[in-house]
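Peer 1: could you work out the structure for the sequence below:
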Amino acid sequence: MILTADWLWAGAGQAQADAGVRIAGGILQAVGRRRELAPLAEPGETVRHLDSACILPGLINAHTHLELSALRGERPVAHDFVDWLLGLVELKRRMEPAEAKAAAAAAVAQLVATGTTGVGDIASVAVAQPPLLASGLRVRIDVELLALDPARADLALGRLADRVQAITAAHPVAPLTLGVSAHAPYTLSDRLWDRLAAWRRGHPVGLTVHVAESDAEIALFAHGNGPLVERFFPAVGWGGLPLPAG
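Peer 2: Sure thing, here's the model as predicted:
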């Protein structure tokens with residue numbers, strides 16, 4: 001198939017007018033001006049021009065939380081990061097499983113409809129996994145890990161390992177890359193960081209971390225105090241636990 005448009009954008013400084021691509025067997029075979037591509041057409045090959053359109057590489061949405069799609073339009077009342085974080089925790093607790101499942105499926109459909117070809121999703125639960133893996137998108141799932149209580153480090157890591165193994169076994173040939181989302185420096189204990197590092201030596205998957213997001217995080221690691229210590233940890237049942245070293 002030869003597909004051309006009024007404009008083609010192949011990267012920074014690479015815009016071309018009246019240009020397009022030739023695709024054969026699912027592989028991009030040629031990029032060029034329409035007049036250059038036309039002679040390449042085989043008998044019976046589809047040739048199509050898109051008016052008032054631009055052909056560009058597929059979009060990559062590298063950081064999503066599709067399991068939270070049911071919260072679309074919701075915004076916690078917040079004066080700072082910790083207020084926002086606590087509000088998000090409360091909204092997430094109120095979500096109904098059926099609502100979360102339907103919203104995640106709708107969000108995946110929207111990704112496909114708006115030109116996304118690759119997505120990275122951080123997942124504490126598997127609600128978005130079925131629609132993602134049925135979408136035809138290139139998918140990376142980062143299984144979320146968090147536990148500030150050192151006594152729960154082995155349990156948390158065991159659950160992570162079980163989820164990774166289950167996803168791998170269920171989808172051995174899917175266009176899927178697996179990773180781990182160690183949620184944030186302030187939500188994993190030092191012991192859990194050590195356990196995770198040891199586990200990854202035998203399981204070389206990618207790693208992502210939410211880091212340097214707020215003044216509260218800086219206060220915690222620079223001074224051992226601030227809103228995370230004073231308000232967030234007590235509110236989620238982590239008051240009195242050893243502070244993470246960061």
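
Peer 1: all contacts plus neighbour counts: C-alpha atoms, from now on.
Peer 2: Noted.

Peer 1: is it true that P150 touches T187?
Peer 2: No. In this structure P150 lies outside contact range of T187 using Cα atoms under 8 Å: 10.9 Å.

Peer 1: how does this protein divide up, domain by domain?
Peer 2: Domain ranges of the chain: 2-55, 59-235, per automatic domain parsing.

Peer 1: just those domains: most buried one?
Peer 2: The highest average neighbour count among these, using mean count of other Cα atoms under 10 Å, belongs to domain 59-235 at a mean of 16.

Peer 1: residue furthest from the geometric center of the chain?
Peer 2: The C-alpha centroid of the chain is most remote from P43, which lies 42.4 Å away (Cα atoms, centre = their mean).

Peer 1: quick one: low-confidence ranges for the chain?
Peer 2: The chain contains residues with pLDDT under 70 at 172-174, 246.

Peer 1: gap between the residue lying closest to T116 once chain neighbours are set aside and T4?
Peer 2: Excluding the flanking residues, the one nearest T116 by Cα to Cα, 6 or more residues apart in numbering is L59, at 4.4 Å. Using Cα to Cα, to the nearest Å, we find L59 at a distance of 18 Å from T4.

Peer 1: ok, now G120?
Peer 2: With Cα to Cα as the criterion, G120 and T4 are 29 Å apart.

Peer 1: let me see the ranges of the strands in this structure.
Peer 2: For the chain, the strands defined by DSSP state E occupy 2-9, 15-24, 27-33, 47-55, 59-64, 116-123, 138-145, 176-182, 206-208.

Peer 1: including distance to A104, could the ones you listed go into CSV?
Peer 2: Below are the strands of the chain laid out as CSV (distance: least, Cα to Cα, whole Å):
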stretch, distance to A104
strand 2-9, 30
strand 15-24, 31
strand 27-33, 30
strand 47-55, 28
strand 59-64, 11
strand 116-123, 11
strand 138-145, 14
strand 176-182, 18
strand 206-208, 21
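
Peer 1: closest one to E96 among these?
Peer 2: strand 116-123 (16.5 Å; Cα to Cα).
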